[in-house]
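K.L.:
Pasting a predicted model and its sequence here:
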Amino acid sequence: MSKINPLDVVLGFVRTVEAGGGATEIGRFLSEDFTLTEWPHALARSGSTRTKQETLSGADDSKSIVAGQRFEIVRTTTEGTRVVLEMNWSAVLLMDLPHWDAGETIRARSTAVFEVQGGLITSQDTYDCYYTLPS
């Protein structure tokens with residue numbers, strides 16, 4: 001029996017999100033007790049904590065907000081069951097948001113910390129820093 005590599009699980013999840021996966025596609029990576037903690041940032045000043053079901057609903061809803069999500073993985077760190085990704089994220093907005101208009105590319109430098117147990121992601125803590133490029 002081969003051992004499940006937590007980094008492979010997390011990278012599979014990220015690539016599925018990037019490919020436009022919705023609830024059905026990303027749900028197979030998440031444990032039933034999965035929790036997503038989004039720490040405060042420019043678009044969510046209070047941050048948020050979501051259950052698996054709320055996260056899956058958000059994945060489907062995001063298709064009306066952004067298109068063409070890209071995750072440029074800058075660095076990975078794995079220690080036991082914990083995986084940390086440092087990445088540059090971008091997507092094209094399909095609607096106006098504070099600081100950006102529909103059609104613009106929104107960008108963030110992000111660090112995400114994942115816990116993986118038994119081949120499933122049990123938690124994700126995300127730290128996003130949104131930015132704009134100089135004109």
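P.N.:
Noted; the coordinates are in hand. Residues are numbered from 1 along each chain as shown.
K.L.:
In this structure, what residue spans correspond to helices?
P.N.:
6-18, 23-27, 52-61 (DSSP state H).
K.L.:
CSV please, covering those helices and showing mean neighbour count and mean pLDDT.
P.N.:
C-beta: built from backbone N, CA, C; applies to glycine. Below are those laid out as CSV (neighbours: other Cβ atoms under 10 Å; pLDDT from 0 to 100):
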stretch, mean neighbour count, mean pLDDT
helix 6-18, 18, 97
helix 23-27, 16, 94
helix 52-61, 16, 90
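K.L.:
Reformat the ones you listed as JSON lines; add distance to M87.
P.N.:
Putting the helices of the chain into JSON lines (distance: least, Cβ to Cβ, whole Å) gives the following:
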{"stretch": "helix 6-18", "distance to M87": "8"}
{"stretch": "helix 23-27", "distance to M87": "16"}
{"stretch": "helix 52-61", "distance to M87": "18"}
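K.L.:
and of those, who's closest to A91?
P.N.:
helix 6-18 (9.6 Å; Cβ to Cβ).
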